[in-house]
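# any chance you could fold what I've pasted below:
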Amino acid sequence: MVITVRELHAVEVLDSRARPTLAVTLAADGGLRARAGVPAGASTGSREAVERRDGDPARYAGQGVLGAVAAVNGEIFDALAGRAFASLAELDALLVELDGTVDKSRLGANAVVGVSMAAARAFAASRGVPLWSYFGGSLGTPRLPVPHFNVVNGGVHAPNELEFQEFMLAPLGAPSATEAVRAGAEVYAVLRKLLLARGLSAGLGDEGGFAPEIARPEEVLELLVEAITAAGYRAGREGVAIAMDPASSEFYRDGGYHVAGESLSTDDMIDRYEEMVDRFGVWLLEDGLAESDWEGWERLTARLGERVELVGDDIFCTNPAIITDAISRKVANASLIKVNQIGTVSETLDAMRVCRQAGYGQFVSHRSGETDDDFIADLAVGTGCGHMKSGAPARGERVAKYNRLIEIEDATDLPYGLGDAAS
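Residues are numbered from 1 along each chain as shown. Next up is the predicted model:
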């Protein structure tokens, strides 16, 4: 189906961290209207597509996005208005050409991705299908992904001493997405009680996980195993497994990794991860090493790549060219997938396609600054990637994505689980 853009309008709204972002509405022939809320990250890779921020200290401490709003309502609308597009790829290609930079810094990645997401919804509506079905078959068989719940926050996502950024629960053994959400919520509730019983804070970080004053990651892992068991589940791949995103670029400096007062070499860090895998059954490790430590990543992959899903985030930035280079160097075995990290939905699908052709996993992700937009749930389902993370099973902007999985499951007979990601 062809869509012809008739209206395009962006407005500055707030994300979940009380920082500005964009909401973009696109209208096309036939009464089609589609809206997208643009996410924003805090822990960002150096080669990530660049948001456009105003830099005016008198508004939102310089974080305003009126320039990006103006780009959507002005230059981008002028380029798209009245034009008929036969595919999302065609529309996205025009956006990339219009911006003219490698990192979308002229118009702003936040402006471009909002238009691209809204356009994807418009194409789905033009076909009379839900968004997940529009993506369906483009990469793999649609399936409901295993949700990964970020239940303990650290790093730049929380005001505590914990360097590791995310500790996640992954109900790999659940029979359905609905039961996986239940498991995540039940363990999360038990974890809160355990924290309070120890006199630790149950305050929340940016992504809804608890932010206790704990410095050593092993102590968090011990708590998670205890919470999983106390909630009536089995800790491990047959029940509720543990995943981690240390976001190690944030604590890598002067050639070393600084964790809980210790300075560790790359090989020391790899040894420590292996101990965590052996002791706690960690199934997935995201950004275990810094984005600049490529040789270290090669050694990490050689050591743990057969046992653990090693996910590249800051090092890959959802960039097909970087992922292709990583595949040739045997760096990691999966890529995190963030739509705003590369800037258009079509480029995101290209990155996922590169991964799939090489046998690399794809792990769809939210950002620390979110809206109630549930776009990534449909993306994860439609591409059949097998797993998705959207923060804790708490807070509306996080729960919206998990609730969307439940809604899709209720309306379909799609399979649930890792699928190809299990390998």
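# now the helices for the protein?
Assigned by DSSP state H, the helices in the chain fall at 66-71, 77-80, 88-99, 109-127, 131-135, 177-197, 217-230, 266-280, 294-304, 320-328, 339-342, 345-358, 375-383, 396-411.
# could you list every helix and strand in contact with the last one?
In other words, helix 396-411. helix 177-197, helix 375-383, strand 386-391 (3 or more CB pairs under 8 Å, 6 or more residues apart in numbering; DSSP states H and E). (Each C-beta comes from the backbone N, C-alpha and C, glycine too.)
# pLDDT of the last one, averaged?
Averaging pLDDT along strand 386-391 yields 97.
# sorry, back to before: would you mind giving the helices and strands packed on helix 396-411 as JSON lines with distance to Asp278 added?
Putting these into JSON lines (distance: least, CB to CB, whole Å) gives the following:
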{"stretch": "helix 177-197", "distance to Asp278": "22"}
{"stretch": "helix 375-383", "distance to Asp278": "30"}
{"stretch": "strand 386-391", "distance to Asp278": "22"}
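# how about Ile337, what does it touch?
Ile337 is in contact with 318, 348, 351-352, 362-365, 379, 385, counting by CB atoms under 8 Å, 6 or more residues apart in numbering.
# buried ones among these?
318, 348, 351-352, 362-365, 379, 385 (16 or more other CB atoms under 10 Å).
# ok, Gly203 touching Gly209?
No - the criterion here is CB atoms under 8 Å, and Gly203 misses it with Gly209 at 10.2 Å.
# ok so, going back, which one of the helices and strands packed on helix 396-411 lies nearest to Leu310?
The minimum distance between Leu310 and the helices and strands packed on helix 396-411 falls on strand 386-391, with 13.6 Å, by CB to CB.
# low-confidence stretches in the stretch 51-200 of the chain?
Low-confidence segments of the stretch 51-200 of the chain, defined by pLDDT under 70: 157.
# repeat that with 50
Scanning the stretch 51-200 of the chain for pLDDT under 50 picks out nothing.
# any idea how far the most centrally placed residue in the chain lies from Ile228?
Among the residues of the chain, the one closest to the centroid is Ser365, at 1.6 Å (CA atoms, centre = their mean). Computed as CB to CB, to the nearest Å, the Ser365 to Ile228 distance reads 22 Å.
# and Arg307, by the same measure?
20 Å.
# and the two? Which one has more around it.
Ranked by neighbour count (other CB atoms under 10 Å), Arg307 and Ile228 place Ile228 first, with 24 against 13.
# quick check: the more buried one touching Glu238?
No - the criterion here is CB under 8 Å, and Ile228 misses it with Glu238 at 11.7 Å.
# rewinding a little: closest one to Ala18 among the helices of the chain?
Once the helices of the chain are compared by CB to CB, helix 396-411 is nearest, at 11.9 Å.
# residues of that closest one that come out buried?
Buried residues in helix 396-411 (16+ other CB under 10 Å): 397-402, 404-406, 408-409.
# looks like Pro246 contacts Leu162 (just checking).
No - with contact defined as CB under 8 Å, Pro246 does not reach Leu162; the gap is 9.9 Å.
# any shared contact partners between the two?
155, 217.
# if we can go back for a sec, okay if I get the buried residues of helix 396-411 as CSV plus distance to Val112?
Shown next, in CSV, are those (distance: CB to CB, whole Å):
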residue, distance to Val112
Glu397, 21
Arg398, 25
Val399, 27
Ala400, 23
Lys401, 22
Tyr402, 27
Arg404, 24
Leu405, 27
Ile406, 31
Ile408, 27
Glu409, 32
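# no further queries at this time; thank you.
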